[in-house]
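*Asks:* Build me a model:
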Amino acid sequence: MKYVCLCYEEEKKLKAMPKSEWDDIVRETYAYNEELHKNGRLITSQALQPTENATTVRVRNGKVSTTDGPFAETKEQLGGFFLIEARDLNEAIQVASRLSGARLGCIEVRPTMELS
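*Replies:* Prediction:
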């Protein structure tokens, strides 16, 4: 079954982090990506640019409107995602628990919908 692991972090804390600490996290993430890829668990992953580069799109009564930035003001922002293959939710949680984002913020694990 496929699960998406949504990684939420506090952008302000990440920006304030010393470069050496950030570089360690990046190396750890790449190494874990490689491990997940080799064992057939990783389908794809992608980091996102900061929320200051986001645009929120809405359509109301057929009219499109856009707003710069994210819709919700939250403490933690969506920073990236991993699409993984796992036997069940427990295995998906085990995979998510080893993502660096679980220590820096939180990981939301959600099964994908299988469309027929």
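
*Asks:* so for stretch 86-97, what's the average pLDDT?
*Replies:* For stretch 86-97, mean pLDDT rounds to 96.

*Asks:* Just the buried residues of that stretch, please?
*Replies:* Applying a neighbour-count criterion of 16 or more other CB atoms under 10 Å, the buried positions in stretch 86-97 are 86, 92, 95, 96. All C-beta atoms are positioned from the backbone trio N, CA, C, and that covers glycine.

*Asks:* ok, which stretches of the chain are helices?
*Replies:* Remark: helices assigned in the chain by DSSP state H are 11-16, 19-38, 89-97, 101-104.

*Asks:* Report how many residues lie close to residue 25.
*Replies:* Using other CB atoms under 10 Å, residue 25 is surrounded by 15 other residues.

*Asks:* wait, I meant residue 41
*Replies:* As a burial measure, residue 41 scores 18 neighbours (other CB under 10 Å).

*Asks:* do you know how far it is from residue 22?
*Replies:* Residue 41 sits 25 Å away from residue 22, going by CB to CB, to the nearest Å.

*Asks:* Ramachandran angles for residue 99?
*Replies:* Backbone torsions of residue 99, given as degrees, to the nearest 10, read phi -70, psi 140.
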